[in-house]
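J.: turn this into a model:
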Amino acid sequence: MYNIRLFVPNTDIGVTLPINPRELRFGRVNDHKSADIVGMGEIVIPGKAGLMRFSIDCFFWDGSKVLSEHSVSAPRPTDLTNAIRTMQTQVQRPGRPLQFVAEGIGVNTLVLIENFEVSVRAKQETDRYYTLDLVEYREYGAKVVEVKHVEVPREPETVKAEARSAVIEDGYISFPPAPSAPPPLQIGQIVDFIGGFHYVSSTSASPANSTPRSAGKANLTNIKKGALRPLHLIGLSHSGKQGSNVYGWVDEQTVAGVLTEAVHIAPPPTPPRADTRPEPTNPYVTVAGDTLVSIAIQQRSKYDNVQNTQELLDRNPYFRSTDISKSLPPGTKIILPSGGPSGVGPSQFTSRIQ
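T.: Here you go, the predicted model:
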C-alpha cells in the first residue's frame, strides 16, 4: 500500500487521500520525430523527454456516521474536494507549484493540477467520486549569461563603425546611415578655421598674438605632419575676401578634416601677365638686416603696401609665407619705381624682385 499526499510546499495547505486508488497511472511521452529516408523507409529521430503525468480515479467516502460510533473523526468528502479545488484555482501559479508524494512507489515531485473532476452517484449522495490528473512541473527562469566581445578582423580599408541608435518601425529594425568621415586635408584647400591662436612656426609654444584669430575661411598653405602646430593657414581676409584673419601655424583640432601626409594640389594655371612697364634703372640692393618693413620705412611707404603688392608676390612667391619682419638675404635687388628712393610716396610704392 502507498500513502498519497498533495500539498503546497512549506505550508499546511494540502490533502492526504483517505482511500488509496485501485490504480495509479503515470508516465511520460518523448517528443520523437519521424522521417522517411529514400531506400530505407521511415526512421525515428530521438527527441527530448516529455513531462511526467499522473492520473488517479478514486472516491472520498463519507464514513462520518460509522466512525462517530467509534469516536473517530474523519474529513468530510466536501472538505477534501474543496481543498483540492482551492489548490487548483487559487494557489498554484508560475513559481509556486504543488508537491505530489506517493510513498512506496518512489514518487516525490513538483506538479500542477491539470484536471480535477468530481461526480456524485445515486444513493451515495454524500460520497464524492473524482478524477485527478497531474502534470510534472519543471523550474524555469531567465538565465544570466556573460557575452564576451570577440574582435573580428577587418579589411584595412574598412572604416570603423560608430555607435548608432536603432530605429524600430512596424516590427522592423533599421539603422540611420553612418556619418561620413571628414575629407583629408591637402595643401591648397580652402578650409574652415574654427578660431583660436596662430603661431610663427610649427614648433612655437607661445602664440604670435595675445588675441585669438577669428573663425572663417582660410587657405591651407603647408602641412607638417607630426609637428606641434602642423597646419599653416592664411585667412582669406588677407586677400580682400570674407574669411578668417589667421596668418600662421595652427593646431590640428582648429581645422575640420583628417590630417594626412602633405599632398600639394597645384592651382589651375593662369596665363602670365604682360609686363608693359619700363625697366627701372634704380634697383635697391639689400644689405644685412634689411626687412620689408625697414625698406618700406626707409622709402617712406607703408609696410603693408610692400607686403601685399601683387607684383612683389608674383615675382617672389617666397614672401607669401614669410614674416614681413624677417631679414632678407643680402644682395637681393628690389627694383623701385621711377622717381628714385627719395621720390616715392606712400600710395605709389610698388616694388619688384630681380
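J.: roughly how far apart are residue 121 and residue 215?
T.: 98 Å (Cβ to Cβ, to the nearest Å). Placement of C-beta: from N, CA and C, glycine included.
J.: swap in residue 129?
T.: From residue 129 to residue 215 the distance is 94 Å (Cβ to Cβ).
J.: over to residue 9?
T.: Counting by Cβ to Cβ, the gap from residue 9 to residue 215 is 74 Å.
J.: quick check: residue 221 touching residue 186?
T.: No: using Cβ atoms under 8 Å, residue 221 makes no contact with residue 186, being 11.3 Å away.
J.: residue ranges with poor pLDDT in the stretch 101-250 of the chain?
T.: Counting by pLDDT under 70, the stretch 101-250 of the chain contains low-confidence ranges at 152-182.
J.: and if you look at the stretch 251-354 of the chain?
T.: Under the criterion pLDDT under 70, the flagged ranges of the stretch 251-354 of the chain are 257-283, 293, 296-297, 299-325, 335-354.
J.: would you map the helices across the stretch 1-150 of the chain?
T.: With helices called from DSSP state H, counting those that start in this stretch, the stretch 1-150 of the chain shows them at 64-69, 77-86.
J.: before we move on, back to that, who's more crowded, residue 121 and residue 215?
T.: Shown here are residue 121 and residue 215; by other Cβ atoms under 10 Å, residue 215 has more neighbours (17 against 10).
J.: give me the number of residues near the closest residue to that one other than its chain neighbours?
T.: The shortest distance from residue 215 to any non-neighbouring residue, by Cβ to Cβ, 6 or more residues apart in numbering, is to residue 195 (3.6 Å). For residue 195, the count of nearby residues is 14 (other Cβ under 10 Å).
J.: could I get stretch 217-230 in PDB with only the CA atoms?
T.: Output of stretch 217-230 as PDB, limited to C-alpha atoms (Å, rounded to 0.1, in the frame of the first residue of the first chain):
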ATOM      1  CA  LYS A 217      37.600  80.500 -44.400                       C
ATOM      2  CA  ALA A 218      41.400  80.200 -44.800                       C
ATOM      3  CA  ASN A 219      43.900  78.800 -47.300                       C
ATOM      4  CA  LEU A 220      45.900  75.800 -46.200                       C
ATOM      5  CA  THR A 221      49.400  76.600 -47.500                       C
ATOM      6  CA  ASN A 222      51.500  74.000 -45.700                       C
ATOM      7  CA  ILE A 223      51.300  70.700 -43.700                       C
ATOM      8  CA  LYS A 224      53.900  69.300 -41.300                       C
ATOM      9  CA  LYS A 225      52.500  66.100 -40.000                       C
ATOM     10  CA  GLY A 226      53.700  65.200 -36.500                       C
ATOM     11  CA  ALA A 227      54.600  68.800 -35.700                       C
ATOM     12  CA  LEU A 228      53.300  70.700 -32.600                       C
ATOM     13  CA  ARG A 229      51.400  73.100 -34.900                       C
ATOM     14  CA  PRO A 230      51.000  71.000 -38.100                       C
END
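J.: give me the contact list for it.
T.: With Cβ atoms under 8 Å, 6 or more residues apart in numbering as the test, stretch 217-230 has contacts from 185-193, 199, 201-205, 231-236, 241-244, 246, 249-252, 255, 259-262, 320-321.
J.: of the residues you listed, keep whichever come out buried.
T.: When the contacts of stretch 217-230 are checked for burial by 16 or more other Cβ atoms under 10 Å, the buried set is 185-187, 189, 191, 193, 199, 202, 231-236, 243-244, 246, 249-250, 252, 255, 259.
J.: just to revisit the earlier point, taking the contacts of stretch 217-230 one by one, which sit in strands?
T.: Among the contacts of stretch 217-230, DSSP state E puts 190, 191, 192, 193, 231, 232, 233, 234, 235, 249, 250 in strands.
J.: okay, the first one and residue 219: tell me how far apart.
T.: Counting by Cβ to Cβ, the gap from residue 190 to residue 219 is 6 Å.
J.: list residues touching both of the two?
T.: residue 236.
J.: can you give the domain ranges for this structure?
T.: As assigned by automatic domain parsing, the chain contains the domains 4-136, 190-254, 283-353.
J.: so which of these is the most surrounded?
T.: Of all the domains of the chain, domain 190-254 has the most neighbours on average by mean count of other Cβ atoms under 10 Å, namely a mean of 18.
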